[in-house]
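> Test case, fold it:
(one chain, ligands or ions: 1)
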Amino acid sequence: MLYSTVAETYEALEMTKKRLELTDILTNLFKRTPKGLIDKVVYLTQGKLYPDFMGIEIGIAEKLATRAISTVSGVSEDDIGKVYQKTGDLGAAAMKVLKQKIQTTLFGGALTVERVFSTLKKTAGVSGSGSIDIKLGYLSNLLTDASPLEAKYIVRTVTGNLRLGIADYTLLDALAVAFVGDKTSRPELERAYNLSSDLGLVAKEVAAGGLKQIITFKVKVGSPIRPMLAERMESAKEIVDKLGGKVAAEYKLDGERLQIHVSTKEVSIFSRRLEKITSHYSDVASLVKEDIKAKNAIIEGEAVAIDVDTGDYLPFQELMHRRRKYGIDEAIKQYPVSLNLFDVLYLDGKDLTALPYTKRRATLQKILQDGDRLKLVPAITTSDPEEIEKFMQEAISNGCEGLVIKDRNSAYRAGAREFLWVKLKREYRSELTDSVDLVVVGGFHGRGRRAGRYGALLLASYDKETDVFRTVCKVGTGFTDEDLMRIFDMLQKYKVQHIHPRVNSKMEADVWFVPNVILEIIGSEITLSPIHTAKMDAIRKGAGLALRFPKFTGKIREDKSPEDATTTEELLEMYQAQLKKIEAEPAQEVIGKE
Ligand code: ATP
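Now for the predicted structure:
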């Protein structure tokens with residue numbers, strides 16, 4: 001298959017923002033792709049070579065890519081830099097520079113997708129001394145035979161900047177239309193994706209065996225399952241009413257969620273955003289190997305930092321020390337954890353995700369050898385809101401955030417946030433009962449003590465519908481000097497020249513970022529604002545939702561990816577819940593006036 005087919009498709013995708021058109025264009029591409037290549041084409045379209053959980057990046061810095069463009073075009077790196085400055089995109093710069101060359105030379109052989117993919121794969125695999133030159137060689141070789149348009153997308157891909165802005169569900173729609181015939185089978189494909197976190201694999205299966213193969217798709221040890229998530233509600237009574245009757249209430253521990261895959265060969269641990277983080281939790285891997293009685297299993301639990309002398313839970317921040325790049329072994333010793341299990345999704349050849357909660361919990365109990373460090377999350381079964389409130393107080397006094405209340409009949413709904421798990425958290429002092437997780441999209445230069453760093457940050461929520469980040473507040477309080485330094489350092493690699501195409505903002509920031517870093521924020525309430533763009537026009541024309549008096553809680557949510565940020569839809573629900581609360585408890589002022 002010619003790579004030009006792929007590049008031309010990307011160009012067409014860039015011309016439209018309409019989801020239906022995007023789906024049509026992608027469907028066409030998938031229909032033209034040989035079945036044996038479909039997984040590769042899907043990964044390439046996502047801007048990668050493998051599913052995210054493999055953690056393999058192509059790893060070519062913009063500087064090196066510039067050198068390759070220079071080698072192939074004969075244009076100096078400085079001149080390419082100037083074009084880049086103007087276009088704000090190295091891919092576009094490569095296209096421009098190579099277009100000039102077209103008048104003097106002819107391009108080599110037509111590039112195939114197979115060749116592009118295998119060369120990029122080789123590039124990703126190079127490491128150690130001399131690797132820069134080898135990577136340069138591979139890339140230059142590709143670019144020599146690439147047309148200007150192909151070069152644009154190759155350069156963007158290798159530098160990790162493809163960003164076609166296509167949501168996973170659009171890709172799933174297109175796969176459904178291409179290989180099953182219409183979009184009605186999307187839920188089945190989505191289920192397979194949620195169980196494997198691997199769109200390439202789903203594409204391969206549906207291309208090979210159609211809907212039949214997808215319906216029988218099962219979880220596999222080694223492919224992480226997208227986590228089931230919780231909705232939120234404000235009182236135990238509301239939750240019991242909503243779930244109907246007896247519920248299971250579990251401690252909501254304040255740690256890091258781990259999905260642990262056990263096989264006879266090895267134990268692998270995945271984070272909430274499905275990165276492989278086994279090396280950060282090698283102690284947990286050993287615990288599981290010793291105390292879980294199973295040959296193969298997928299279990300889920302919350303790792304919580306503990307005080308070894310008392311066994312008490314410690315705050316989440318302690319745990320994040322483990323996520324550092326260097327000195328991991330020391331961090332493991334310095335910040336011991338306990339693992340608190342709350343689910344089992346697979347056991348010795350059987351996919352348990354379709355079983356009800358009660359059966360899964362009983363199975364978990366059976367395979368677990370309870371110990372000091374490895375235990376089941378404390379839980380009660382009840383239909384009495386008062387009992388739940390009491391259990392909640394107990395959880396909070398034991399250092400938890402609150403409770404997760406679960407429907408006892410519910411299957412494990414991978415990737416879903418529904419009213420089957422509902423979180424009940426302690427009320428913060430503010431009106432807003434819950435914190436929100438927002439993505440940093442812009443920064444404002446600091447003055448005085450904050451000179452040289454950012455004095456405030458522009459934060460956004462995620463609009464799932466359109467796959468865009470919309471602003472909610474500008475935050476400058478709650479940061480320690482250390483936080484500011486750390487956040488500043490983290491943000492440097494995400495700096496971009498112009499507002500990022502996936503960001504929607506009316507406010508002008510001094511610096512713009514690729515949405516990536518997530519901060520936990522509390523606010524006093526959600527208000528309407530003409531400046532912020534979250535849910536613009538939804539409540540009132542010309543007004544979006546904004547967070548009033550936002551404050552950083554101290555938590556950088558490195559365990560979340562940008563798409564896991566609080567959504568605009570959730571903010572709208574929170575806004576409406578807040579209004580209901582005000583209606584239910586008439587404002588003090590009104591009473592005073594009478
Ligand atoms: P939050 O920001 O409130 O921590 P979240 O957005 O990370 O929540 P939610 O789905 O809203 O994720 O809440 C569920 C999270 O709570 C899980 O991802 C997990 O990390 C944590 N958790 C703690 N205890 C439990 C439990 N007993 N059952 C399920 N999840 C639990």
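> what helix or strand is Asp343 on?
Assigned by DSSP states H and E, Asp343 falls within strand 337-347.
> mean confidence for that strand?
Here strand 337-347 scores 97 as its mean pLDDT.
> Mind checking if that strand is in reach of the ligand?
Yes. Against the ligand, strand 337-347 shows contacts by CB under 6 Å from any ligand atom at Phe342. (Glycine included, C-beta is placed from N, CA and C.)
> Which strands border that strand, and is each parallel or antiparallel?
strand 297-305 (antiparallel), strand 350-351 (antiparallel), strand 374-376 (parallel) (DSSP bridges).
> Quick check: which of these is buried the most?
Ranked by average neighbour count under the criterion mean count of other CB atoms under 10 Å, these are headed by strand 297-305 at a mean of 25.
> so after that strand, what's the next helix or strand?
Next element after strand 297-305 (DSSP H and E): helix 316-320.
> next helix or strand past that next one?
Assigned by DSSP H and E, the successor of helix 316-320 is helix 328-334.
> which secondary structure elements does that next one contact?
For helix 328-334, the packing partners by 3 or more CB pairs under 8 Å, 6 or more residues apart in numbering; DSSP states H and E come out as helix 282-291.
> at 10 Å what do you get?
Contacts defined by 3 or more CB pairs under 10 Å, 6 or more residues apart in numbering; DSSP states H and E place helix 328-334 against helix 282-291, helix 316-320.
> Pick the most deeply packed of those.
helix 316-320 (a mean of 19).
> Next, see if that one gets close to the ligand.
No. Helix 316-320 does not reach the ligand (CB under 6 Å from any ligand atom); its nearest approach is 8.5 Å.
> what about that helix, average pLDDT?
Per-residue scores along helix 316-320 average to 79.
> Same question for stretch 101-111.
For stretch 101-111, the per-residue pLDDT averages 63.
> And stretch 476-491, by the same measure?
Averaged over stretch 476-491, pLDDT sits at 92.
> Counting neighbours, show which residues of it come out buried.
476, 479, 484, 487-488, 491 (16 or more other CB atoms under 10 Å).
> List, one by one, the residues from the stretch 251-400 of the chain near the ligand.
Neighbours of the ligand within the stretch 251-400 of the chain, by CB under 6 Å from any ligand atom: 251-253, 257, 272, 302, 342, 377.
> for the stretch 451-594 of the chain, same thing?
Proximity of the stretch 451-594 of the chain to the ligand, by CB under 6 Å from any ligand atom, involves no residues.
> Okay, now the unreliable bits of the stretch 451-594 of the chain?
For the stretch 451-594 of the chain, the stretches flagged by pLDDT under 70 are 580-594.
> again, only using 90
451-452, 465, 477, 481-482, 496-498, 501, 523-531, 539-543, 547-550, 573-594 (pLDDT under 90).
> Could you pull out the helices in it for me?
Ranges of helices within the stretch 451-594 of the chain are 481-492, 568-584, 588-593, based on DSSP state H, counting those that start in this stretch.
> Now do the contacts for whichever residue of the stretch 251-400 of the chain sits closest to the ligand.
Distances between the stretch 251-400 of the chain and the ligand by CB to the nearest ligand atom are smallest at Arg257, namely 3.2 Å. Arg257 sits next to 227, 229, 270-273, 300-303, 342, 559 when contact means CB atoms under 10 Å, 6 or more residues apart in numbering.
> Tell me the spacing between it and Pro224.
According to CB to CB, to the nearest Å, Arg257 stands 11 Å off from Pro224.
> Need the residues touching each of these two.
Both Arg257 and Pro224 are contacted by 270-273, under the criterion CB under 10 Å, 6+ apart.
> Secondary structure and neighbour count for the residues you listed - can I get that in a markdown table?
Converted to a markdown table, the shared contacts of Arg257 and Pro224 look like this (DSSP: H, G, I helix; E, B strand; the rest coil; neighbours: other CB atoms under 10 Å):
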| residue | secondary structure | neighbour count |
| --- | --- | --- |
| Phe270 | strand | 24 |
| Ser271 | coil | 22 |
| Arg272 | coil | 22 |
| Arg273 | coil | 22 |
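> of those, the lowest pLDDT goes to which?
Arg273 (91).
> Phi and psi next, for the nearest residue to that one once chain neighbours are set aside.
Once flanking residues are discounted, Arg273 sits nearest to Ser561: 4.3 Å by CB to CB, 6 or more residues apart in numbering. The phi/psi pair for Ser561 (degrees, to the nearest 10) reads phi -90, psi 160.
> Does Ser561 touch Ser197 like I think?
No. Ser561 is beyond contact range of Ser197, at 11.7 Å (criterion: CB atoms under 10 Å).
> of those two, who's got more company?
Remark: of Ser561 and Ser197, Ser197 carries more neighbours, 23 against 19, as counted by other CB atoms under 10 Å.
> list the contacts for that one?
51-53, 168, 223-227, 259, 270, 273-274, 414-415.
> do you know how far it is from the ligand?
15 Å (CB to the nearest ligand atom, to the nearest Å).
> For burial, what's the neighbour tally of Asp52?
18.
> Double-check it against Arg273; I have them as touching.
Yes. Asp52 lies in contact with Arg273 (CB under 10 Å); the separation is 8.1 Å.
> Quick check: neighbours shared by those two?
The contact sets of Asp52 and Arg273 overlap at 197, 224, 561 (CB under 10 Å, 6+ apart).
> Turn these into a markdown table, columns for distance to Ala577.
Formatted as a markdown table, those follow (distance: CB to CB, whole Å):
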| residue | distance to Ala577 |
| --- | --- |
| Ser197 | 31 |
| Pro224 | 32 |
| Ser561 | 26 |
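> From the residues you listed, pick the one nearest Lys406.
Relative to Lys406, the closest of the shared contacts of Asp52 and Arg273 is Pro224; by CB to CB it sits at 20.9 Å.
> can you tell me which residues contact the residue nearest to Val262 when sequence neighbours are not counted?
Using CB to CB, 6+ apart and skipping the chain neighbours, the partner closest in space to Val262 is Ala297 (4.5 Å). Listed by CB under 10 Å, 6+ apart, the contact partners of Ala297 are 221, 260-263, 267, 288, 344-348, 350, 352, 363-364, 367.
> can you check Pro356 too?
Going by CB under 10 Å, 6+ apart, Pro356 touches 362, 407-412.
> ok, it to Leu139 distance?
According to CB to CB, Pro356 stands 52 Å off from Leu139.
> excluding its backbone neighbours, what's nearest Phe117?
Nearest residue to Phe117, sequence neighbours excluded (CB to CB, 6+ apart): Lys40, at 4.8 Å.
> Quick check, the one you found in contact with Leu201.
No. Contact criterion CB under 10 Å: Lys40 and Leu201 do not qualify, at 11.7 Å.
> Now do the nearest residue to Lys99 once chain neighbours are set aside: how many residues are near it, please.
Leaving out its chain neighbours, the residue that sits closest to Lys99 by CB to CB, 6+ apart is Pro148, at 4.6 Å. By other CB under 10 Å, the residues close to Pro148 number 20.
> Show me what the nearest residue to Leu376 once chain neighbours are set aside is bridged to.
Among residues not flanking Leu376 along the chain, Leu341 sits closest, at 5.6 Å (CB to CB, 6+ apart). Beta-bridge partners for Leu341, by DSSP bridges, are Gly301, Leu376.
> ok, Leu341 - contacts?
If a contact means CB under 10 Å, 6+ apart, then Leu341 has 258, 260, 288, 291-292, 299-302, 361, 364-365, 367-368, 370, 374-377 as its contacts.
> quick check, Gly181 in a helix?
No. If the criterion is DSSP: H, G, I helix; E, B strand; the rest coil, then Gly181 is coil and not within a helix.
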